[in-house]
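>>> Structure for this input, please:
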Amino acid sequence: MKKLQTLSILLFLFSISIHAQGDKHEKIRALKTAFITQELNLTSADAEKFWPVYNSFEQRKHDLKVKERDEIKNKMDNDVLTLSNEDAQILLEKMEYFRNEETKLEIELIKKLKEQLQPIQIIKLKKAEFDFRMQMLKKYRGGKK
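So this is what the prediction gives:
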């Protein structure tokens, strides 16, 4: 019960401060930070070590997604009907490359986190990321399943 109250207060404070800024991405990032901190039950010492590693990973993952969107998704959206087999092959190779790079990032994150957190906390992190995504999807869909 106390954890729920603490999380609610954190989310409320983050939402107020972020609302003033008006940046949707920052708001979501702040909510995710509060959610993960609560779910992992991080001490301040753990949090000081964890968040720089995690934030660096998230930034690198974001940069990779932007690059993927620029190189693949935009091409597929705009040119899929006029693609030659050779161009399609190049796109498939780029898809493989980006999946491999994302997997490498995940593996690197887990290795770094093993130095800082207990294995159960890393598993809880993965579950918290999934749960947070599901909450955001549910909210985006207007509370429907």
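
>>> where do the helices sit along the protein?
2-21, 24-40, 44-68, 74-79, 85-114, 119-140 (DSSP state H).

>>> how far out from the middle of the chain is the longest one?
A distance of 16 Å separates the centroid of the chain from that of helix 85-114, by CA atoms, centre = their mean, to the nearest Å.

>>> Buried ones in that helix, by neighbour count?
Leu91, Phe98, Leu109, Lys112, Leu113 (16 or more other CB atoms under 10 Å). No exception for glycine: its C-beta is placed from N, CA and C like everyone else's.

>>> Point out the other helices and strands that that helix packs with.
On a contact count with 3 or more CB pairs under 8 Å, 6 or more residues apart in numbering; DSSP states H and E, helix 85-114 meets helix 44-68, helix 74-79, helix 119-140.

>>> Packing partners of the first one?
Other elements packing on helix 44-68 under the criterion 3+ CB pairs under 8 Å, 6+ apart are helix 24-40, helix 85-114.

>>> between the first one and helix 44-68, what angle do the directions make?
Right, helix 24-40. Angle, helix 24-40 to helix 44-68, by axes from the mean of the first three to the mean of the last three CA atoms, to 10 degrees: 140 degrees.
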